[in-house]
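**Student:** Sharing a sequence plus its predicted fold:
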Amino acid sequence: TPELKTEINRQADRRRREAARLALQNFVEVQASDTAFRRAEQQLAAGKAAAKEQDESDRRHLAWCIAGNVTVLLSEDWSLRKRAERILSPESGLRLLRPVDLIQQQDELQRAKDYRPRSLAETELTAARVGAAGRVELSAFQRAPHEKEPDFRRRLEACLSSPRDTHCIRVSSEGQLIALKAEGRAEPGVLAVPLLRAKPGSTGAMVLEHLLVEAVASAAQEGRRLVIVRDPWPSAEAQSALVQHGFRRVDAEWHRPVCSGCLSVEQAIEKLHTLAVDSSSPVAGAMAGELRAAADANDVLALLGLERRLWPLKLTDLPVPAFLVPIQPHWAEQLFDRRLAAGNLFGADAGLMLRSENVYYRSPRGSRLQVPARVLWYVSEGRGGYEGTKSVRAVSYLDDIVVDTPKQLYGRYRRLGIYTWADVLAKATGGVEGSVMALRFSQTELLTRPIPLATLRTVWHDATGREPVLQGPSKSPAGLFKTIYCQGMEYE
């Protein structure tokens, strides 16, 4: 508005005055008659004189906008916005917005579909892009007392001001906020996470871990080299999840190299050395050194631990057994298969689907399972008309096998499963005093393209000369895990 020239003239620093006048040439000045301006100014004054010179300027800015039929005034000036809230009437037709508000509103109009809520992993939780109207309540994620409110607001608005490069996602349950994550893609080869927050509690911790895994999976699918979490105030739960999933602290950031595919140990070491050069992050080089040391020492457990921290990478020459384990679709949809759960009217339980660790019960008869091991989950036909059954649909790590009475195992693993007492008892051999087997598994990964039974029979027969046994767990022939996994993830 013309009043801006007056404010520039009040600037005591000559260089700043000249710079402001030069910048002003890039903008079109609001046009209005003096009569219209005086009328608007009188209406805003409402018989009260401005207390300070700046208050007078604020009122004149607003009067010029009303007189010139301006509908939106952008300003970061807090005092101007507060004054406008007090003196502007709805009839004025003028709204004051911060630049971030306008950017968000325009982006929502242009890409409305991206802002629609979606189910988080086919559970009752919903995830949605943060819109202009939902920003105020996000202050609940300020990490006080460590973080000041203005610092949190600036960090949040920096994310929201670049909606094409940075996606800010909020997760809620029945309207209650649970978690907040921002993902930025402006840096070549890097997926940046400037915000990663969750409400205290077990659900918040599970959602936070799921969002972190989602970030790594997205980076792998997009061919990015590195995920960097730059949230300056990660909670204890966040730090635990970061460490568990292969992130390491680099100054004030957390770095995680991204490797995917089926590689030998030597190929993985070479890949990490390349990532170290390309990403300028010390973490990839350090992990390459750890892989080398574990390989030289023939330390299988250390190699397996590094593979897990480098998920979704799979080391093809790791001497770890793999087992084909059949599972009914009802159990699969609740424990790990969100695609099967998508066909369920009520979806899956968030406490199970989002948990990285779960338990599956079976009869102990005829089992030759051992740990550590990999699991190929074969989802049988079952009942209920599920689509996509009779196929290998997921892989997991088998962490523990425990055989005990139904009562002991139910009490021990109740928090990790969907099984009722009756379900566990039904799996037991010998009733209440008999025995049942609990398989504790983790880091389940759904295959992009499930392997149908016909293909499974073909590759199994080619490797063994026999048909696969689908009535219970069976050990996979050497090299077959790689074949099934690489086909299922479309790596070859």
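**Tutor:** Received it, and whenever you're ready, just let me know what you need.

**Student:** C-alpha from now on. contacts and neighbour counts both.
**Tutor:** Will do.

**Student:** in this structure, which residue is closest to the centre?
**Tutor:** L211 (2.5 Å; Cα atoms, centre = their mean).

**Student:** quick check, that residue in a helix?
**Tutor:** Yes - L211 sits within a helix when classified using DSSP: H, G, I helix; E, B strand; the rest coil.

**Student:** Show me the helices in the stretch 251-400 of the chain, by range?
**Tutor:** Taking DSSP state H, counting those that start in this stretch, the helices of the stretch 251-400 of the chain run over residues 265-279, 282-296, 300-309, 329-335, 338-341, 350-353.

**Student:** cool, and the stretch 51-200 of the chain?
**Tutor:** Using DSSP H, counting those that start in this stretch, helices in the stretch 51-200 of the chain cover 53-67, 78-87, 99-110, 149-160.

**Student:** so of those helices, which one's packed in deepest?
**Tutor:** Highest mean neighbour count of the helices of the stretch 51-200 of the chain: helix 53-67, a mean of 20 (counted as mean count of other Cα atoms under 10 Å).

**Student:** Quick one: mean pLDDT for that helix?
**Tutor:** For helix 53-67, the mean pLDDT works out to 86.

**Student:** Would you confirm that S476 contacts V325?
**Tutor:** No - judged on Cα atoms under 8 Å, S476 makes no contact with V325 at a distance of 9.8 Å.

**Student:** For G93, give me phi and psi.
**Tutor:** phi 70, psi 10 (degrees, to the nearest 10).

**Student:** who's in contact with it?
**Tutor:** Counting by Cα atoms under 8 Å, 6 or more residues apart in numbering, G93 touches I66, N69, V70, T71.

**Student:** Counting neighbours, which of the residues you listed end up buried?
**Tutor:** Burial by neighbour count, 16 or more other Cα atoms under 10 Å: within the contacts of G93 this picks out I66, V70.

**Student:** Using TSV, please lay out the contacts of G93 together with distance to Q106.
**Tutor:** Shown next, in TSV, are the contacts of G93 (distance: Cα to Cα, whole Å):
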residue	distance to Q106
I66	22
N69	20
V70	17
T71	15
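
**Student:** quick check, nearest of the contacts of G93 to S396?
**Tutor:** The closest of these to S396 turns out to be T71 (Cα to Cα; 56.7 Å).

**Student:** so what's the closest one up against?
**Tutor:** By Cα under 8 Å, 6+ apart, the contact list for T71 reads C65, G93, L94, R95.

**Student:** I'd assumed L94 was in contact with the first one.
**Tutor:** So that's C65. Yes - at 7.4 Å, C65 counts as touching L94 under the criterion of Cα under 8 Å.

**Student:** Put together CSV for the helices of the stretch 51-200 of the chain, with distance to V28 on each row.
**Tutor:** Converted to CSV, these look like this (distance: least, Cα to Cα, whole Å):
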stretch, distance to V28
helix 53-67, 13
helix 78-87, 21
helix 99-110, 17
helix 149-160, 26
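
**Student:** so which of these gets nearest V371?
**Tutor:** Nearest to V371, of the helices of the stretch 51-200 of the chain and by Cα to Cα, is helix 149-160 at 43.9 Å.

**Student:** I'd like the mean pLDDT over that closest one, please.
**Tutor:** Per-region confidence: helix 149-160 scores 87 on mean pLDDT.

**Student:** Offset the numbering so it begins at 764, please.
**Tutor:** Okay, using 764 as the starting number, the last item reads as helix 912-923.

**Student:** list the helices and strands it packs on?
**Tutor:** Using 3 or more Cα pairs under 8 Å, 6 or more residues apart in numbering; DSSP states H and E, the elements in contact with helix 912-923 are helix 862-873, strand 929-936, strand 953-961.

**Student:** Mind listing residues that contact it?
**Tutor:** By Cα under 8 Å, 6+ apart, helix 912-923 touches V863, Q867, V893, S902, Q905, T929, H930, C931, A945, G947, P957, L958.

**Student:** Which among the residues you listed count as buried?
**Tutor:** Buried, going by 16+ other Cα under 10 Å: V863, Q867, V893, Q905, T929, H930, C931, A945, G947, P957, L958, out of the contacts of helix 912-923.

**Student:** Show me which pair in these is furthest apart.
**Tutor:** Q867 and Q905 (20.9 Å).
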